[in-house]
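# My questions are about this predicted structure, shown below with the sequence.
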Amino acid sequence: MPTPLHDSVVEHFKELARRGGAAIDEGRPPPGHCMDGDAVAYSATVPGRPVIYEYVVLDDIREFRVTTVAWLP
């Protein structure tokens, strides 16, 4: 992954943590498409970039864990 793309993906994940954490604190779902009935697994894209990722919400420890990142060069 080229450095500029890497840097924008990292910035996106930092924003995911900020916005997603705030959403959960307010009782709303985090960003992305819910992939299960338990609202634990989500998928999303990095806007304007050829990157798709999946993550899980670990509510009890207040964490998002990115499980898959796919770069489509």
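On my side now, so go ahead. Residues are numbered from 1 along each chain as shown.
# what are the ranges of the helices in the protein?
Secondary structure of the chain (DSSP state H): helices located at 3-25.
# Give me the below-cutoff pLDDT ranges for it.
For the chain, no stretch has pLDDT under 70.
# ok, Thr68 touching Tyr53?
Yes - here Thr68 reaches Tyr53: they are 6.0 Å apart, a contact under Cβ atoms under 8 Å. Quick note: C-beta positions are derived from backbone N, CA and C, even for glycine.
# Those two: which has the busier surroundings?
Tyr53 (20 against 9; other Cβ atoms under 10 Å).
# Quick check: closest non-adjacent residue to the more buried one.
Using Cβ to Cβ, 6 or more residues apart in numbering and skipping the chain neighbours, the partner closest in space to Tyr53 is Val69 (4.7 Å).
# same thing with His12?
Val46 is the one closest to His12 (Cβ to Cβ, 6+ apart), at 4.6 Å.
# how much space between the nearest residue to Glu63 once chain neighbours are set aside and Ala41?
Once flanking residues are discounted, Glu63 sits nearest to Val57: 7.9 Å by Cβ to Cβ, 6+ apart. According to Cβ to Cβ, to the nearest Å, Val57 and Ala41 sit 8 Å apart.
# Could you pull up the residues touching Phe13?
Val66 (Cβ atoms under 8 Å, 6 or more residues apart in numbering).
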